[in-house]
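Asker: this is a predicted model, with the sequence first.
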Amino acid sequence: MIKFLDLQKINAQYDTEINQAIKDVVNSGWYILGKSVTAFEQNFAQYSGAKHCIGVANGLDALILILNGYIELGRLKKGDEVIVPANTFIATVLAVSKVGCVPVLVEPDEASFLLSADHIEAHLSPKTKAIMPVHLYGQLADMSAINALAKKHNLLVIEDAAQAHGANDKGQIAGSCGDAAGFSFYPGKNLGALGDGGAITTNDDELAAMVRVLRNYGSEKKYHNKVVGINSRLDELQAAILDVKLKYLTKDTARRREIAKRYSTEIKNPKIQLPTWDFENQNHVFHLYVIRSNNRAKLEAYLEQQEIQTIVHYPIPPHKQAAYKELSHLSFPITEQMHEEVLSLPISPVMEEEEVDFVIKTLNNYA
Ligand SMILES: *Cc1c(COP(=O)(O)O)cnc(C)c1O
């Protein structure tokens, strides 16, 4: 059986160092907002090219806290419209709703699956105050064009970088090419904790100071509450584990790209559409390798029978979810078709060459 993602094997690579990191935290006697979080925040800020990194409890909270931070700073208010891609994981949309802003869904570019500046323009209104591009599947959105559009209309740009740790293009790195970014360290993400975790990165000093306070009950000084905050802290154990894994992330990403390149050059089957990617570019970290097929159910069943695990990211678009009945009348043909056709192949830094061979051969034999 070829697993979609073998988390046990991924973490076993760093077994000794992870166990030592855990032991050090246990023995330190300090478990919340201590040395490990500070060290990881510094290292991850540097990795993402950002001035600040603030560790939080998960990726959804990272996005919520950024939006809340801008509300506290008077740069956003409830009722403001925020542009989000129609084909994202639900968290992007939830974050906007949770702070009382209005998500405005926009179709992605058909080839890249990413939000593009051309598609955004028609959805701008006097109430639009921010754009939240998602670097979906690990591929950097066209940030130059999105930033230019945002500048023209005086909008904030908040990256949902939950799938794109380290993606970069011509000096732009996920996490530092908008006003702020939210990351997730959910175990299955490219940089995954052994539990939940997340982070905010930004070059904005004011926002950084505000979210630092908001994540910790709204207090800078214990028992003195400046704003109405929440409890959303990255904990010391997860930070120490993430700091170990961060050292190997560039190497792990290189392996993901190698596998993606093999898939993209060796899978040859007219029934299967491959993702668009220029091999020379570092703009994709291949959190997921997503193919399309117009008879997905058949392909899925075939791969399952050949003992290759696949997953659909995602089966139901946000506007068709029960949670968003008020959006269900909207029509997004590109998004809806994508959700019918996409299938994610196994990809991970610990996949063996023979496993990659087998996936390629099996797909080429699919009739
Ligand atoms: C994983 C993910 C999130 C949320 O992260 P959690 O840590 O699971 O809360 C947000 N956006 C996208 C695109 C994601 O893939």
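Answerer: In hand now; what should we look at?
Asker: only C-alpha atoms from now on, for both contacts and neighbour counts.
Answerer: OK.
Asker: what helix or strand is Asn147 located in?
Answerer: Assessed by DSSP states H and E, Asn147 sits inside helix 143-153.
Asker: same for that helix, what does it pack against?
Answerer: Counting contacts by 3 or more Cα pairs under 8 Å, 6 or more residues apart in numbering; DSSP states H and E, helix 143-153 packs against helix 117-121, strand 156-160.
Asker: so which bits of that helix are buried?
Answerer: If you call a residue buried by 16 or more other Cα atoms under 10 Å, then helix 143-153 has these buried ones: 143, 146-147, 149-150, 153.
Asker: same check, this time on stretch 62-80
Answerer: Going by neighbour count (16+ other Cα under 10 Å), the buried part of stretch 62-80 is 62-72, 76-77, 80.
Asker: out of the residues you listed, which comes closest to Tyr217?
Answerer: Leu65 (11.7 Å; Cα to Cα).
Asker: tell me the secondary structure at that closest one.
Answerer: The three-state assignment at Leu65 reads helix, by DSSP: H, G, I helix; E, B strand; the rest coil.
Asker: dump the residue contacts of it.
Answerer: Residues in contact with Leu65, defined by Cα atoms under 8 Å, 6 or more residues apart in numbering, are 211, 214-215.
Asker: reformat those as CSV; add neighbour count.
Answerer: Shown next, in CSV, are the contacts of Leu65 (neighbours: other Cα atoms under 10 Å):
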residue, neighbour count
Val211, 25
Leu214, 26
Arg215, 24
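Asker: now, those residues that are in helices?
Answerer: Taking DSSP state H, the ones among the contacts of Leu65 that sit in helices are 211, 214.
Asker: quick one: low-confidence ranges for this structure?
Answerer: Nowhere does the chain drop to pLDDT under 70.
Asker: and it, which residues reach the ligand?
Answerer: Counting by Cα under 6 Å from any ligand atom, the chain comes close to the ligand at 58-60, 89, 91-92, 160, 162-163, 184-186, 197-198.
Asker: just flag the most distant two among those residues.
Answerer: Using Cα to Cα, the pair of the residues of the chain next to the ligand lying farthest apart is Phe89 and Gly197, separated by 17.0 Å.
Asker: show me which of these two is the more surrounded one.
Answerer: Relative neighbour count places Gly197 above the other of Phe89 and Gly197, with 27 against 17, counting by other Cα atoms under 10 Å.
Asker: which residue packs closest to that one, ignoring adjacent ones?
Answerer: Sequence neighbours aside, Asn58 is the residue nearest to Gly197 in space, at 4.2 Å (criterion: Cα to Cα, 6 or more residues apart in numbering).
Asker: count of neighbours near the one you found?
Answerer: For Asn58, the tally of surrounding residues (other Cα under 10 Å) stands at 23.
Asker: ditto for Arg296
Answerer: 18.
Asker: residues contacting it?
Answerer: Arg296 neighbours (Cα under 8 Å, 6+ apart): 340-343.
Asker: quick one, phi psi at it?
Answerer: The phi and psi values for Arg296, taken as degrees, to the nearest 10, are phi -60, psi -40.
Asker: pick out the residue in the stretch 151-300 of the chain sitting closest to the ligand.
Answerer: In the stretch 151-300 of the chain, the residue found nearest to the ligand is Ser184; the distance is 4.1 Å by Cα to the nearest ligand atom.
Asker: and the longest helix along the chain, what other elements does it pack with?
Answerer: Taking DSSP H as the criterion, the chain has its longest helix at helix 249-266. Contact here means 3+ Cα pairs under 8 Å, 6+ apart; on that basis helix 249-266 packs against helix 353-364.
Asker: what ranges does the chain have for its strands?
Answerer: For the chain, applying DSSP state E gives strands covering 52-56, 81-85, 102-106, 128-131, 156-160, 168-169, 172-173, 180-184, 198-202, 219-221, 224-225, 289-292, 342-345.
Asker: want to throw those into CSV with mean neighbour count?
Answerer: CSV is the format used below for these (neighbours: other Cα under 10 Å):
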stretch, mean neighbour count
strand 52-56, 27
strand 81-85, 26
strand 102-106, 21
strand 128-131, 24
strand 156-160, 26
strand 168-169, 20
strand 172-173, 20
strand 180-184, 30
strand 198-202, 29
strand 219-221, 15
strand 224-225, 12
strand 289-292, 21
strand 342-345, 22
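Asker: quick one, what contacts Thr276?
Answerer: Neighbouring residues of Thr276 by Cα under 8 Å, 6+ apart: 111-112.
Asker: please report how far it lies from Ala199.
Answerer: Using Cα to Cα, to the nearest Å, Thr276 is found at 29 Å from Ala199.
Asker: what of Tyr302?
Answerer: Distance from Tyr302 to Ala199, by Cα to Cα: 39 Å.
Asker: not counting sequence-adjacent ones, nearest residue to the residue nearest in space to the middle of the chain?
Answerer: Residue closest to the mean C-alpha point of the chain, counted by Cα atoms, centre = their mean, is Ala162 at 1.9 Å. In space, and not counting its chain neighbours, Ala162 is closest to Phe183: 4.2 Å by Cα to Cα, 6+ apart.
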